[in-house]
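Student: Got a sequence here, can you model it:
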Amino acid sequence: ALVVLAGLVVTTSLIALAASFNGSARRVEKNIQLLTNGEFQNLSELKAMGWQAGLLDSLFELQLIDKSKQLVQLNEKLIETSRLLQAVKLQSLELYSQLFSNSSQNSSLFSKGDYYQLIKDNGELLANLSSHLSSFQAELESTNFLIFNHSLRTQFELVEESVKNQNLKIQTLIQLNGVFAELLSVDGVKNYYILLQDNQEIRPTGGFPQALARIIIDDGRVVDTQVFAVGWIDSQTLGDIASSPEVEELLGEPRLHLRDSTWDPDLNSSASQISWFIKEVLNLPFDGVVVINYELVREMLIVFGELHLADYDETITPQNLYSRLEAKASEDLQQNLENNFHTAVLRGLLSKTASASNQEASALMDLALSSFRTQQISTVMTDLKVNQVLTQLGWSGTILSPDCPPRFGNDCLADHLYQVEANVGVNK
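Tutor: Presented below is the predicted three-dimensional model:
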């Protein structure tokens, strides 16, 4: 009787574990979907199945028990990954909030010491997350997912790809965190510029320069912005700087204009031309330039939904942006106006960015990272330490010349071909 009773207990326990496993597998799939969608909260634990598997493991050696223990272990890694990613997200949002806050609006502004501490804490958190992701990635690569059903195997393939991508992103953020204090000018004032290019009219750095924004950062906070039309700056130019031989030959312009300052595809070279106009024409300091295209504007509009331009009494959306650009190309015939459609767009985007919600801010930071990778954004800074990091990340728009492999010795010539396109039709 005792044997029969024990058999019934064991059988019931295994049936319960099997049922628990199926339910747990569905919860893990949901956890994976939350993680890969960037929703790092509300992941479910598998405490009940973990307790069942642990108890039965001391009595039997069965594949179901091994599968259950493996699933519990992987789920714990998922939860820890989500917890760390959520912590990084919250610290990134805090940095974003501090950058776009001012003392007249926000009583929770950090002191300079608090700002430095936030950057230090962020670096430590990123290092912990990097270590965890590397460990999780190694565990995923060594796990035999054939023991699970097809649906669960497919989901874990997504996890493996997501963890790899997150690890690459975290490595980038670790490099940036090392120069955050200088980049965000926590101790001092920096004057950065955003050059908006129309990528529908191709030029070597991505498009035809249309508008320029000045961003003043003082002690880690944006304190002022100004927006200028590129054509207006050219109309105010009194000095003289010779254009490149190609510009003179193809465009008939012996004197360089800001609109042609990005003729060199190497942004480090073009940035020096841009800085000349800022210093000589606007009489303003220059600490760096960020070059963006209208394709990035379209992606930002997807985040914001729309942008209302009061000066034009119209609303710009991701769907109508390029058609409105084409229309305004023929409407804004006076290219030397101080304000035009392009300055209105850039000014509106800066305002939206400064007042972004947490959800929008998080999406914008992710968009910035992906846009740097796809070269929709490039930047050059005068701070050598910062610019070195940007160059290492491949964000500075520098054309790199390949080196000869050491094994070839001196009997080697490294040559390369770099295709550069530019519209020289003087049309839109």
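Student: Break down the stretch 251-400 of the chain into its strands, ranges please.
Tutor: 288-293, 307-309, 314-316, 377-381 (DSSP state E, counting those that start in this stretch).
Student: how about the helices of this structure, start to end?
Tutor: 2-36, 47-57, 63-99, 112-142, 150-177, 180-183, 230-235, 245-251, 267-280, 294-304, 321-331, 341-354, 358-373, 384-392 (DSSP state H).
Student: Which elements pack onto the shortest one?
Tutor: In terms of contacts (3 or more C-beta pairs under 8 Å, 6 or more residues apart in numbering; DSSP states H and E), helix 180-183 is packed against helix 112-142, helix 384-392. Yep, even glycine has a C-beta here, placed from its N, CA and C like the rest.
Student: Equivalent analysis for the longest one, please.
Tutor: Counting by 3+ C-beta pairs under 8 Å, 6+ apart, the packing neighbours recorded for helix 63-99 are helix 2-36, helix 47-57, helix 112-142, helix 150-177, strand 221-229, helix 358-373.
Student: Residue nearest the middle of this structure, spatially speaking?
Tutor: residue 369 (1.7 Å; C-alpha atoms, centre = their mean).
Student: Quick check, that residue in contact with residue 172.
Tutor: Yes - with contact defined as C-beta atoms under 8 Å, residue 369 counts as touching residue 172 (6.6 Å).
Student: What residues of stretch 254-271 count as buried?
Tutor: 256-267, 269-271 (16 or more other C-beta atoms under 10 Å).
Student: picking that back up, and residue 421, which of the helices and strands packed on helix 180-183 is closest to it?
Tutor: helix 384-392 (23.7 Å; C-beta to C-beta).
Student: residues contacting the nearest residue to residue 175 once chain neighbours are set aside?
Tutor: Once flanking residues are discounted, residue 175 sits nearest to residue 389: 5.5 Å by C-beta to C-beta, 6 or more residues apart in numbering. Contacts for residue 389 were tallied using C-beta atoms under 8 Å, 6 or more residues apart in numbering; they are 175, 176, 178, 179.
Student: Generate a PyMOL selection restricted to the buried entries among these.
Tutor: Buried residues within the contacts of residue 389, by 16+ other C-beta under 10 Å, are selected in PyMOL with:
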select buried, resi 176+179
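Student: Which of the contacts of residue 389 sits closest to residue 309?
Tutor: Closest to residue 309, out of all of those and judged by C-beta to C-beta, is residue 176, at 32.6 Å.
Student: is it true that that closest one touches residue 182?
Tutor: No - using C-beta under 8 Å, residue 176 makes no contact with residue 182, being 10.7 Å away.
Student: Would you quantify the distance from residue 150 to residue 156?
Tutor: 11 Å (C-beta to C-beta, to the nearest Å).
Student: which of the two has more neighbours?
Tutor: residue 156 (20 against 9; other C-beta atoms under 10 Å).
Student: and of the helices and strands packed on helix 63-99, who's closest to residue 80?
Tutor: Closest among those, once you apply C-beta to C-beta, is helix 112-142, at 6.4 Å.
Student: Quick one: distance of that closest one to the chain centre.
Tutor: 17 Å (C-alpha atoms, centre = their mean, to the nearest Å).
Student: In this structure residue 243 contacts residue 250, no?
Tutor: No - using C-beta under 8 Å, residue 243 is not in contact with residue 250; the gap is 10.1 Å.
Student: which of these two has more neighbours?
Tutor: More crowded of residue 243 and residue 250, by other C-beta under 10 Å: residue 243, with 19 against 15.
Student: Name the spans of the stretch 51-200 of the chain whose pLDDT lies under the cut-off.
Tutor: 51-66, 102-107 (pLDDT under 70).
Student: hmm, back to that, can you tell me how far the residue nearest to residue 175 is from residue 383?
Tutor: 10 Å.
Student: Also residue 33?
Tutor: 42 Å.
Student: These two: which is more packed in?
Tutor: Higher neighbour count among residue 33 and residue 383: residue 383, with 16 against 12, using other C-beta under 10 Å.
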